[in-house]
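Chemist: Fold the following and give me the result.
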Amino acid sequence: MTPASPPDASATTDGRSLRRDRNRMAVIDAVLALYDSGNLAPSSDDIAERAGTSVRSVFRYFDDVDDMLRAAIGRQQERLEPLWTLDSFDGLPLDERIERFVAARVRLLDGMGNVGLVARMRAPFQPLIRAELDRVRATMRGQVALVFAPELAALGPDGAAVLAMLDVTCSWEARDLLRGDQGLSDAAARAAATGAIRRLLGTSV
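Modeler: Reported below is the predicted structural model:
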């Protein structure tokens with residue numbers, strides 16, 4: 001009789017690792033789903049229920065709540081990756097560049113959703129979240145500078161100040177204020193951003 005082969009230790013380890021990664025991702029996705037639903041400070045019970053696991057298991061995969069939040073923000077950035085890509089704007093007239101850029105930026109900002117708000121709430125207290133937010137803001141500012149480079153260059157020394165104002169106009173914070181505090185519809189908020197860009201660049205509205 002041939003003795004049974006010993007269990008493959010590497011396969012067992014790989015299986016455990018896969019289960020851990022799968023369960024960890026379920027918790028992260030649960031956190032993001034709760035944010036999307038408007039729960040910006042979900043409890044351990046909320047997260048566990050949404051992830052289909054126990055409260056004890058939730059914190060088996062993270063050092064603490066802030067570690068979980070950092071992982072959720074990272075996951076959100078992965079999801080948003082396709083929205084960061086801009087089509088070529090080379091050779092397009094300014095009005096068309098403005099329209100296309102505003103449409104692309106709105107898709108990105110709306111994709112950030114409540115995670116954008118949570119990140120801004122936690123950034124003052126979490127250096128790693130602050131660093132990620134700074135990176136996102138720098139990338140967004142770089143896109144503005146690239147798309148409107150000819151007009152900014154033509155402004156000479158005033159170009160830096162105008163770029164700063166364009167960056168603010170196209171920011172997550174500006175859209176949140178327009179849609180929330182100002183109560184503008186999506187169409188009105190887009191029109192406001194488009195008009196502001198045109199004015200800043202010295203074109204007719």
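
Chemist: Can you give the contact residues for stretch 164-181?
Modeler: Under the criterion C-beta atoms under 8 Å, 6 or more residues apart in numbering, residues 101-102, 105-106, 109-110, 112, 116-117, 120, 137, 140-141, 144, 148, 184, 186, 188-189, 192-193, 196-197, 200-201 lie in contact with stretch 164-181. Glycine gets a C-beta too; all of them are placed from N, C-alpha and C.

Chemist: Show me these that map onto helices.
Modeler: Among these, the residues falling in helices (DSSP state H) are 101-102, 105-106, 109-110, 112, 116-117, 120, 137, 140-141, 144, 186, 188-189, 192-193, 196-197, 200.

Chemist: Give me the neighbour count for Q182.
Modeler: Applying the criterion other C-beta atoms under 10 Å, we find 11 residues in the vicinity of Q182.

Chemist: Show me the helices in this structure, by range?
Modeler: For the chain, applying DSSP H gives helices covering 9-36, 44-51, 55-58, 65-84, 94-122, 127-147, 149-154, 159-169, 172-176, 186-200.

Chemist: how near is D63 to A71?
Modeler: Going from D63 to A71 by C-beta to C-beta, to the nearest Å gives 10 Å.

Chemist: Kindly report the same for Q182.
Modeler: Note on Q182: its distance to A71, by C-beta to C-beta, is 33 Å.

Chemist: and if you look at G156?
Modeler: When distances are taken as C-beta to C-beta, G156 and A71 turn out to be 45 Å apart.

Chemist: Please identify which of the two sits among more neighbours.
Modeler: The neighbour comparison of G156 against A71 (other C-beta under 10 Å) goes to A71, with 17 against 8.

Chemist: OK, contacts around the more buried one?
Modeler: Contacts for A71 were tallied using C-beta under 8 Å, 6+ apart; they are R24, I28, F62.

Chemist: ok, now F89?
Modeler: Contact partners of F89, counting by C-beta under 8 Å, 6+ apart, are R97, R100, F101, L146, V147.

Chemist: ok, the closest residue in space to L32 that isn't next to it in sequence - how many residues close by?
Modeler: With C-beta to C-beta, 6 or more residues apart in numbering as the criterion, L32 has its nearest non-adjacent residue at 5.6 Å, and that residue is A72. When counting by other C-beta under 10 Å, one arrives at 22 neighbours for A72.

Chemist: can you tell me how far A72 sits from S17?
Modeler: Going from A72 to S17 by C-beta to C-beta gives 21 Å.

Chemist: residues in contact with the nearest residue to V27 once chain neighbours are set aside?
Modeler: Across the structure, with C-beta to C-beta, 6+ apart as the measure, the residue nearest V27 apart from its sequence neighbours is A51 (4.8 Å). Taking C-beta under 8 Å, 6+ apart, we find A51 in contact with N23, A26, V27, D29, A30, V58.
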